[in-house]
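# Provided below are the primary sequence and the corresponding predicted coordinates.
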Amino acid sequence: MRTLVNIFLALALCQNCLGQTPVQLAPPLLKSSAVFFKQAAMVELKFAEPGTHIYYTLNGQPPTENDKIYKRPIKIKKSLTTLQAITAGAGFLPSEIVSVSFVKDGLEIQSEQHSNPNEKYQGNGSNTLFDNEGGVASMKSTNWIGYQQDTVEITVGMKTFQQLNSVLINFLQDYKSWVFPPQIISVEYYNQSNQTFEFFSEKKIELNKSNSAPECRPMLLTTENKIATDRLKIKLYGFTSLPDWLAGKRRHGWIFVDEIKVY
Amino acid sequence: MERRSFIRNSSLGTLGFLSQPSFPFLEDPLLGHNNKRYRLDTKWSKADVATNPVNDCHEMVQDSKGRIILLTNEVKNNVIIYDKAGKLLTTWGHEYPGAHGLTLHNENGTDVLFICDNSRHQVIKTTIDGRVLLVLDYPKETGQYSKAAEYVPTETAIAPNGDIYVADGYGKDFIIQYDSSGRYINHFGGKGSEAKHLANAHGICIDQRDPLHPCLIVTSRQQNAFKRFTFSGVYIDTIPLPGAWVCRPVIKGDYLYAAVLQTNTQQGKQSGFVTILDKNFTVVSNLGGSQPQYVDHKLDEMYQTVKYFQYPHDVCVDDEENLYVAQWNSGKVYPYKLSPII
């Protein structure tokens, strides 16, 4: 008899489950020292809601409740590490993901020259692209240099002639403000024996449809074999027409860059 | 409460196979901390959306008859008057496209309302049923304004002597003081980098909890803070509320209540909650927000924890300590009601 009553109760409750909207948790508060770091970066997560946990990953995969539970501040040492975190528990729907990418300092850059940016977004002095400052996902951060043109060229001079195999460029993505990473990034290196710039690496970028919040999008371009050089030429080709799913489609976008690393 | 604990207990036994038996459904969740905990009712309003829609629900007050008055920028019915059970009693107002601030003042035994209209760049004093008594245009007497468009009033507060204080929260962030007849007296605040300056002076209220030191409390929303001033506009101090985009302060009894439009680190993401401070300006409870924590008397950054609200814009506390929360840009939802758990 008791079992029957329980089964009846279970069915009644189930119907409630279907008819009502569960409530979602908010994501954790994320506090970090700096996005660009020399030795290590520290990141702290907070979420003061009883019965819940913070789950996180460092491998680029979206976190689930099967991932690590956050217990104490995390030390980041690896060159390009993306921390992603959610909250879950207490019977709520898990939160949206918060994420931040940390970028380790690279080989020493001597100097850099770039196409003339828009007068409103000039960056922070002549070292602005290799000063380890910025990584803030907001147009208001003064570290960004901003362009509203199809092609941008940046030449990077290394401190010494040396072996290298990858380049990282940090872009801002803020759909609401029409800021996008470039559609194509192309990198050439200076071949001393031929005295010409030659192909190093190229990357084509897709716009991420699902995520419309402002975020940093660090892009890593790599060659298979190390190349010896002291100069790199980076060309950025902006989206000349924007995809249909963006409101106000087919308008000219902006490109915002704030840091370059060479490894 | 009984039903919930029964469900919880049952779920431990035979009902354990149910996927989420203790799910906190929107119908019956418990919010808040310490002695300020509430049960949320999202279906309080019995208004019919076909005949009485709302747009942004900006502010709410309770009149001396106990009725709950809502101000919305929906010109089909700018003012909706409810009873406490959520039954729509009456509506009025079609000429307030930028209806934003709503303050009730008892003027010698008669309720009057002060409406701030963002679009009309005016403050309008009305009777409780909508007859216009006084209109305050942009305050050129201050010497700070050259045209009406620069003046976007968001809130008023009425001092015990009848003086009217207007917060130009979406304009130049000045607080403008008038006498009860609307004659300009003084202005203070404004934008700037000093402590006395304001950034998005979104709300203002009169604080008489300390009878020896009554004062004005003004919102500086972008600074995530309240600032206190004397009635003559002298800056007293700042109450930092890290992380919280606080709207107007609302005082009832010993407590100060405020809607938090959004969390600083989650801007534009429906990250609001409601905060409650005791008379020492210590945060005691956040409804849908983080448990308040002080380290060395300093308040830790606050943030939304549960998405009960989207963008709360005002809190009204009625004579039975129930709360009503009006929301901006939240899918045209009617206000929610929260009943205290005793």
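Here it is on my side, so go on. All values reported here derive from a predicted model rather than from experimental measurement. Numbering: from 1, shown residues only, chains lettered A, B, ... in the order given.
# confidence score at whichever residue of the stretch 51-200 of chain A sits closest to chain B?
Proximity of the stretch 51-200 of chain A to chain B (CB to the nearest CB) peaks at A:Gly91, 4.7 Å away. From N, CA and C alone the C-beta is placed, and that goes for glycine too. At A:Gly91, the model reports a pLDDT of 91.
# can you tell me how far it sits from A:Pro22?
Look at A:Gly91 and A:Pro22: by CB to CB, to the nearest Å, they are 8 Å apart.
# the more surrounded of those two?
A:Gly91 (17 against 13; other CB atoms under 10 Å in any protein chain shown).
# average pLDDT for stretch B:114-134?
Mean predicted confidence for stretch B:114-134 is 98.
# For stretch A:160-179, list every residue counted as buried.
A:164, A:166-175, A:178-179 (16 or more other CB atoms under 10 Å in any protein chain shown).
# and those as CSV, adding pLDDT?
Listed next are those as CSV, based on pLDDT from 0 to 100:
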residue, pLDDT
A:Leu164, 96
A:Ser166, 96
A:Val167, 97
A:Leu168, 97
A:Ile169, 97
A:Asn170, 97
A:Phe171, 96
A:Leu172, 96
A:Gln173, 93
A:Asp174, 90
A:Tyr175, 87
A:Trp178, 88
A:Val179, 92
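# Mind checking which of those residues are in strands?
Assigned to strands by DSSP state E, the following of the buried residues of stretch A:160-179 qualify: A:Leu164, A:Ser166, A:Val167, A:Leu168, A:Ile169, A:Asn170, A:Phe171, A:Leu172, A:Gln173.
# can you put these in TSV and add distance to chain B?
Formatted as TSV, these follow (distance: CB to the nearest CB, whole Å):
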residue	distance to chain B
A:Leu164	36
A:Ser166	31
A:Val167	30
A:Leu168	25
A:Ile169	25
A:Asn170	20
A:Phe171	20
A:Leu172	15
A:Gln173	14
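# Which pair of these spans the longest distance?
With CB to CB as the measure, no two of these lie farther apart than A:Leu164 and A:Gln173, at 26.3 Å.
# For B:Gln208, give me phi and psi.
phi -110, psi 20 (degrees, to the nearest 10).
# what residue ranges in the stretch 151-300 of chain B score low on pLDDT?
Nowhere does the stretch 151-300 of chain B drop to pLDDT under 70.
# Around chain A, which positions in it sit nearby?
With CB under 8 Å from any CB of the partner chain as the criterion, the stretch 151-300 of chain B meets chain A at residues B:Gly243, B:Thr263, B:Thr265, B:Gln266, B:Gly268, B:Lys269, B:Ser271, B:Ser290, B:Gln291, B:Gln293, B:Asp300.
# Can I get those in CSV including neighbour count and secondary structure?
Formatted as CSV, these follow (neighbours: other CB atoms under 10 Å in any protein chain shown; DSSP: H, G, I helix; E, B strand; the rest coil):
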residue, neighbour count, secondary structure
B:Gly243, 22, coil
B:Thr263, 26, strand
B:Thr265, 17, helix
B:Gln266, 19, helix
B:Gly268, 12, coil
B:Lys269, 18, coil
B:Ser271, 26, coil
B:Ser290, 27, coil
B:Gln291, 17, coil
B:Gln293, 13, coil
B:Asp300, 17, coil
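# What is the most widely separated pair among these?
B:Gly268 and B:Gln293 (25.6 Å).
# ok, back up a step: can you put the ones in strands among the buried residues of stretch A:160-179 in JSON lines and add distance to B:Gln327?
Converted to JSON lines, those look like this (distance: CB to CB, whole Å):
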{"residue": "A:Leu164", "distance to B:Gln327": "53"}
{"residue": "A:Ser166", "distance to B:Gln327": "48"}
{"residue": "A:Val167", "distance to B:Gln327": "47"}
{"residue": "A:Leu168", "distance to B:Gln327": "42"}
{"residue": "A:Ile169", "distance to B:Gln327": "41"}
{"residue": "A:Asn170", "distance to B:Gln327": "36"}
{"residue": "A:Phe171", "distance to B:Gln327": "35"}
{"residue": "A:Leu172", "distance to B:Gln327": "30"}
{"residue": "A:Gln173", "distance to B:Gln327": "29"}
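# who's in contact with stretch B:223-242?
B:159, B:163, B:175, B:177, B:186-189, B:195-196, B:198-200, B:207, B:214-220, B:243-246, B:249, B:258, B:260, B:264, B:275, B:277, B:281, B:283, B:299-302 (CB atoms under 8 Å, 6 or more residues apart in numbering or on different chains).
# What is the neighbour count of the spatially closest residue to B:Trp92 that is not a sequence neighbour?
Closest residue in space to B:Trp92, ignoring its immediate chain neighbours: B:Gly130 at 3.9 Å, by CB to CB, 6 or more residues apart in numbering or on different chains. Residues within reach of B:Gly130, counting by other CB under 10 Å, total 18.
# B:Ile81 is in contact with B:Gly130, correct?
No - taking CB atoms under 8 Å as the definition, B:Gly130 is not a contact partner of B:Ile81, at 10.0 Å.
# quick one: contacts for the residue nearest the centre of chain A?
Nearest to the mean C-alpha position of chain A, counting by CA atoms, centre = their mean, stands A:Arg217 at 3.1 Å. Applying CB under 8 Å, 6+ apart, we find A:Arg217 in contact with A:Asn170, A:Phe171, A:Leu172, A:Gln173, A:Pro181, A:Ile205.
# chain center to stretch B:261-281: distance?
Relative to its chain's centre, stretch B:261-281 lies at 11 Å (CA atoms, centre = their mean, to the nearest Å).
# distance between the ends of that stretch?
19 Å (CA to CA, to the nearest Å).
# in it, what counts as buried?
Buried residues in stretch B:261-281 (16+ other CB under 10 Å): B:261-266, B:269-278, B:281.
# With stretch B:137-150 instead?
B:Tyr138, B:Pro139, B:Thr142, B:Gln144, B:Tyr145.
# residues in contact with stretch B:122-134?
So stretch B:122-134 is contacted by B:63, B:69, B:79, B:90, B:92-93, B:96, B:101, B:110-117, B:135-138, B:148, B:153, B:156, B:164, B:166, B:181-182 (CB under 8 Å, 6+ apart).
# Please spell out the PyMOL selection for the buried subset of the contacts of stretch B:223-242.
Buried residues among the contacts of stretch B:223-242 (16+ other CB under 10 Å), as a PyMOL selection:
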select buried, chain B and resi 159+163+175+177+187+188+189+198+199+200+207+215+216+217+218+219+220+243+244+245+246+249+258+260+264+275+277+281+283+299+300+301+302
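# Just to be sure, which of the contacts of stretch B:223-242 are found in strands?
B:175, B:177, B:186-189, B:207, B:215-220, B:244-246, B:258, B:260, B:275, B:277, B:283, B:299.
# about what we covered before: from the buried residues of stretch B:137-150, which is closest to chain A?
Distances from chain A to the buried residues of stretch B:137-150, taken by CB to the nearest CB, are shortest for B:Gln144, at 26.0 Å.
# Which pLDDT value goes with the closest one?
98.
# Helix, strand, or coil at it?
coil (DSSP: H, G, I helix; E, B strand; the rest coil).
# who are the neighbours in contact with it?
Contacts of B:Gln144 (CB under 8 Å, 6+ apart): B:Lys172, B:Phe174, B:His187, B:Gly190.
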